[in-house]
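S.K.: need a 3D model of the following:
(chains A and B)
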Number of protein chains: 2
Amino acid sequence: MVSEIDQLSIDTIRCLAADVVQGANSGHPGAPMGCAPMAHVLFSRFITANPKDPNWINRDRFVLSNGHGCALQYVLLHLMGYDLSMDDLKQFRQLHSKTPGHPERLETPGIEVTTGPLGQGICNAVGMAIAERHLAAKFNVGEYKVIDNTVYCIVGDGCLQEGVSAEASSLAGHLKLGNLIVLYDANDIQIDGSTDLAFTEDVMKRYESYGWHVQSVDDGDSGVESIAAAVENARKEVGRPSLIKIRTTIGYGSAKEGTEKVHGAPLGDSDIVSVKARFGFGPEKYVVPESVYDFYNQCSQRGQNQEAQWKQMLTKYQAAHPELYAEFERTVLRGELPANWESSLPRYTPADPPVATRKLSEAVLNAIAPVIPELLGGSADLTHSNLTLWKGAKTFQHEDTKLGSYDGRYFHFGVREHGMAAICNGIAAYGGLIPFASTFVNFISYACGASRLSALQKLRVLYILTHDSIGMG
Amino acid sequence: MVSEIDQLSIDTIRCLAADVVQGANSGHPGAPMGCAPMAHVLFSRFITANPKDPNWINRDRFVLSNGHGCALQYVLLHLMGYDLSMDDLKQFRQLHSKTPGHPERLETPGIEVTTGPLGQGICNAVGMAIAERHLAAKFNVGEYKVIDNTVYCIVGDGCLQEGVSAEASSLAGHLKLGNLIVLYDANDIQIDGSTDLAFTEDVMKRYESYGWHVQSVDDGDSGVESIAAAVENARKEVGRPSLIKIRTTIGYGSAKEGTEKVHGAPLGDSDIVSVKARFGFGPEKYVVPESVYDFYNQCSQRGQNQEAQWKQMLTKYQAAHPELYAEFERTVLRGELPANWESSLPRYTPADPPVATRKLSEAVLNAIAPVIPELLGGSADLTHSNLTLWKGAKTFQHEDTKLGSYDGRYFHFGVREHGMAAICNGIAAYGGLIPFASTFVNFISYACGASRLSALQKLRVLYILTHDSIGMG
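M.R.: Model prediction:
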């Protein structure tokens, strides 16, 4: 049974998303209409965030990895009370609007990362989960859980076909990121048609092979309580990342539902009218019943209350652990480098003998790593060639491995250049940390899809690329 | 029990590979020494190829995906009697030699594809297996199996961490490529150290999730018959690609065996002497016992005989199916375009109205696809945007899917740009076919690792990249 307000909210989201896409006369209505129930469940019941302070560091993170479905995310942010008005929704896909055709980190309050190129978002989510685990290990003391949040991500079939998502998901399983919950919108449709054309692998089994906790929800078009129960289970599973496969119908409600025709083109006016009729709405555009606004206002209040409580705790934390707080304040709240960090840098003069650039990089890293504790990173399995492992570095690992712990700052990314870069984007987007990624300069070609997004989002990700010439370097 | 000649051959390969790397004073001895048994089994018992005619179209293909281990491949090619002398082996990693530091398609007889950047080789092997299945479907008639070969590939842990290999492996499972056999050198070591640092997924289960046939060999350092039995099983499994996980010891025989220290640096003279003593050899360098040459000469003879028989069959095929033969001769044997194909191209004049470039691409494709039957390709799930599906095109699928068949020429690659490009490299490297790959121009950044290798190998892969400007294009 779905409660009246849940149903009305979901139907409102579906109709509003369809209107938003139709208003632009371009965009993707299919995913928003299919994912409306799971997004509604996440935002109304689980995600702890304060729309009035979108940058609160201890908010839960939400990533829409299938970013083409961003009409969904904009509608949810609007309902939650982020600074995203109905007029903004009407500006969907217009130049300089706050609602571009794919989610843009720097344009819209509440958007954590720029997504669209498939596979990136889930990797960013892995990076965010890593950042959360690291900061929690570094700053939490006893009852003071100053960092304690969950990363939620919605992915589509396309994201899971991209190799970059496989790289990051394998590493997430290895790292036992129990704070990561991925909802897989399994609608069996991709642009070319049925997933039967090219994607018939057993995704659940694959994620099990990575060491994830996997669950399945069959009634994703209507099963609000099934979705919620699965998310609850996933939240209880703190030793492994979670994948919840949710069976949905793309473009649910449209005359073209369940087909690729509803993926990337507006429904058309007559189909929209029929969709609305099916959900008990009139033909008016951009309608949100007051009861839905009221309901979401209550949901939003939850996050505001949580932040208020967190701030009270932080005050006590400051008193109880002044040094830790000072570090937390500098790195996480202000994001500033320590004073005089430059004085640690090695000095060279023209009289010094020539040194390979990667050796100089190593010298710099050894000099600054101790004084910039928010610096962390690693190599895609070329540590001893990239010279990135500074003296005394501790490895980021789940402590069960006995190879390191979550407060470690050195990463063994495996031979996964693309995943590494996308994960570092997520770490940087989380805040409070400065990640670096390293490989041979040539292999950055493997990671171009993600390094491009580092640049577009102005994310503070450092790339240490060695062996830049035949004579090494 | 390992026969005397098998053991002597394997030990010879190990010592010779170690000498080759030591001679260059750089390179990777670990993989060659660990993979010597599986490579010996493949070359001595299974791979059908004629070293005197390395381009025979119906040869089995062998790809060393962990290309840094190429000393192994060079040694095997030398033993088999390819045009690769002991002097060539002594020139390992020297400028302009036939034995560069990674296998280069255009430099060395018997090298099918350039490998080194991890993950590419296994994807090329998938492409070759596709090419083989397509040409077999197109040209074989009854008893005339003019194309009937197997693609063998050795991969390491690193290859299986790369997302590109995941993309191609998922597609290979979907396409049920029963002619593809991958031997996974599972030595638990990567450059940074133990695979426990970053790669603890269940690889076997992952490949099962893709729909592959998987087997495990525990005694890969010595179990010649275990390896051979697994390959036999894999050959019998014609409905699925096969993965054989073979447990090995990297640098087997070295004092540093089983550690990352033996991965990417020469053993050093004293270790080499001790390795040789362990295997019953004296300290002399570059030694091949005559009995090993003799044995490999017999193995090589098998391929020569097979080609001779194939040529006899081809003569009969020519008589029985002259039109098919003519097409086979033009496309596969000569690799020439049909006469006057250009006359099919559409003509435009400055008086014609402006047309989007992707529409022009579509017009060209529709014009030439019927007259150039060796042209085949597809899109990474953007078919209707890239406009690559020509009228009347049939889809390349296993016929069980009822969505197409192996004689189809249109590919639904899924959302897998990198895998698509690497697969197309393999199709082109196979010969007789002209593959094209398509996506939005921007997403070529996902595929840079493979498109770079298209260029380096001068492979005839066409890229159709649309939407190259804000105004589309």
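
S.K.: pick out the residue of chain A closest to chain B.
M.R.: Going by C-beta to the nearest C-beta, chain B is nearest to A:Gly163 of chain A, at 2.2 Å. Where you see a C-beta, it was placed from the backbone N, CA and C, and this is true even at glycine.

S.K.: next, count neighbours for that residue.
M.R.: Per other C-beta atoms under 10 Å in any protein chain shown, the neighbour tally for A:Gly163 reads 30.

S.K.: next one, pLDDT for it please.
M.R.: In this model, A:Gly163 is scored at 98, pLDDT.

S.K.: ok, and the closest non-adjacent residue to it?
M.R.: Spatial nearest neighbour of A:Gly163, chain neighbours left out: B:Gly163 (2.2 Å); criterion: C-beta to C-beta, 6 or more residues apart in numbering or on different chains.

S.K.: quick one: that neighbour and A:Gln161 touch, right?
M.R.: No - here B:Gly163 does not reach A:Gln161: they are 10.2 Å apart, not a contact under C-beta atoms under 8 Å.

S.K.: how close does the residue sitting furthest away from the middle of chain A sit to B:Gly211?
M.R.: Distance from the centre of chain A peaks at A:Ala351, with 48.1 Å (C-alpha atoms, centre = their mean). A:Ala351 sits 64 Å away from B:Gly211, taking C-beta to C-beta, to the nearest Å as the criterion.

S.K.: could you do A:Glu112 as well?
M.R.: For A:Glu112, the distance to B:Gly211 - C-beta to C-beta - is 35 Å.

S.K.: give the next helix or strand downstream of the helix or strand hosting A:Thr315.
M.R.: For A:Thr315, the enclosing helix or strand under DSSP states H and E is helix A:290-320. Where DSSP H and E defines the elements, the next helix or strand beyond helix A:290-320 is helix A:322-328.

S.K.: what packs against that next one?
M.R.: Counting contacts by 3 or more C-beta pairs under 8 Å, 6 or more residues apart in numbering or on different chains; DSSP states H and E, helix A:322-328 is packed against helix A:120-139, helix A:290-320.

S.K.: helices of the stretch 251-400 of chain A, residue ranges please.
M.R.: Remark: helices assigned in the stretch 251-400 of chain A by DSSP state H, counting those that start in this stretch are A:269-278, A:290-320, A:322-328, A:357-368, A:383-386.

S.K.: and A:Cys123, how many residues sit next to it?
M.R.: 37.

S.K.: burial measure for the residue lying closest to it once chain neighbours are set aside, as a count.
M.R.: The spatially closest residue to A:Cys123, leaving aside those adjacent along the chain, is A:Ala422, at 3.3 Å (C-beta to C-beta, 6+ apart). A:Ala422 is flanked by 34 other residues according to other C-beta under 10 Å.

S.K.: assumed A:Ala422 was part of a helix.
M.R.: Yes - per DSSP: H, G, I helix; E, B strand; the rest coil, A:Ala422 lies within a helix segment.

S.K.: quick one: it and A:Arg416, what's the gap?
M.R.: A:Ala422 is 9 Å from A:Arg416, by C-beta to C-beta.
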